[in-house]
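Participant: my questions are about this predicted structure, shown below with the sequence.
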Amino acid sequence: MQIIGLNLEELEDLVVKLGEPRYRAKQILDWVYKKGIDDFGQMSNLPALFRQRLQDRGLVVSTITVAGAVEAGDGTKKYLFRLTDGCGVEAVYIPEEKRKTVCFSTQVGCPVGCTFCATGQQGFKRNLTAGEIVDQVRKIGLDKKTRISNAVAMGQGEPLANYAATLKALRLLNAEYGLQMAARHLTVSTSGVVPAIYRLADEQLQINLALSLHATTDQLRSALIPLNRTYPLAQVIQACRDYAAKTKRRVTLEYIMLDGVNDGEADLVRLAELAAGWLCHVNLIPYNPVPGASYRPSPPWVCQRFLGYLQEHGVAASIRQERGAEVNAACGQLRQHLKM
């Protein structure tokens, strides 16, 4: 069993079963999250016999290891993490002047199978545990020797298809005894798992929601994102509107710009109509080429045309500044390009 992934109450129960007072749990978590220590032997305020007992019981702090990393010229750094079963997942560190962001994964592969995404071509192997999710963020912060201020569930996998582990990880990232990240600095991206969106809205967490929209008709969206056949566009948009209304948090509509596919005038008009009149923001994403996919990025002037039209019609919008494409770390490119 690993310590990372247990919440305070679970760890308190564990230490009590081992014959120690409950406050030992908080001491352990301080070593793990505040000081970045993985070795029980270095936790000097714990009794020596207790430290030995933890090791004898087969407990470990962490089970994932960095198997490789590659850094782009702008400081964006992609990490490959090795899991105990031999699987691997990627996560990305994105430095900016006012924030340090980690884009983390929630599954090995992805079950959704979006046709423009490298992870979708990989297929699905398994869900990550809460500990495997949180530890991506913790280990990157330790490697970069910085406090991670923002975390986004936009790496490999569909976060809301791994709901329990993703939510537990978000609570650990947010917790005072965890990484102490503000809930409003945490974002979950989804391709549109409608029941889970409503469930998330009821959690009373001020986290951000991002929808992988990418099309304005059911026919095209189903071709790009097969999950749309289960949860059609109207249901997905209504769920997002309800999420924004209940949480008072602005929903981001992610819209990848594909030349000749979803970037026509009719697409633009429909996009403006979908986004008008509620608390949302359209994020236009320049497409990053993926091996095996025939899509091409829309020309820059088309992206600017979309941006101008949306803003003229009262829709908050922006064009994403892409980071890390030179090391296959940009949106849609995560597929274990690093060697394990």
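Facilitator: Cool, the structure landed. Numbers count the residues shown, from 1 in each chain.
Participant: ok, now how distant is residue 216 from residue 236?
Facilitator: To residue 236, residue 216 is 12 Å away according to CB to CB, to the nearest Å. Glycine gets a C-beta too; all of them are placed from N, C-alpha and C.
Participant: which intervals of the stretch 101-250 of the chain have sub-threshold pLDDT?
Facilitator: The stretch 101-250 of the chain contains no residues with pLDDT under 70.
Participant: quick one: the helices in it?
Facilitator: Here the stretch 101-250 of the chain has its helices, by DSSP state H, counting those that start in this stretch, at 118-122, 130-144, 163-174, 194-201, 218-224, 233-247.
Participant: which of the residues in the fourth one are buried?
Facilitator: Within helix 194-201, the residues scored as buried using 16 or more other CB atoms under 10 Å are 194, 196, 197, 200, 201.
Participant: what do you get for the last one?
Facilitator: By neighbour count with 16+ other CB under 10 Å, helix 233-247 contains the buried residues 233, 236, 237, 239, 240, 241, 242, 243, 244, 247.
Participant: now the second one
Facilitator: Using 16+ other CB under 10 Å as the burial criterion, the residues of helix 130-144 that qualify are 130-142.
Participant: between that helix and helix 163-174, how big is the angle?
Facilitator: Going by axes from the mean of the first three to the mean of the last three CA atoms, to 10 degrees, helix 130-144 is angled at 40 degrees with respect to helix 163-174.
Participant: show residues contacting helix 130-144.
Facilitator: Applying CB atoms under 8 Å, 6 or more residues apart in numbering, the contact partners of helix 130-144 are 2-6, 32-33, 36, 62-64, 66, 69, 77, 79, 81, 83, 89, 91, 93, 95, 100, 102, 104-106, 147-148, 151, 155, 164-166, 168-169, 172-173, 178-179.
Participant: so residue 27 touches residue 50, yeah?
Facilitator: No - if you go by CB atoms under 8 Å, residue 27 and residue 50 don't touch, sitting 9.9 Å apart.
Participant: against residue 111, how distant is residue 198?
Facilitator: For residue 198, the distance to residue 111 - CB to CB - is 20 Å.
Participant: can you check residue 93 too?
Facilitator: Applying CB to CB to residue 93 and residue 111 gives a distance of 26 Å.
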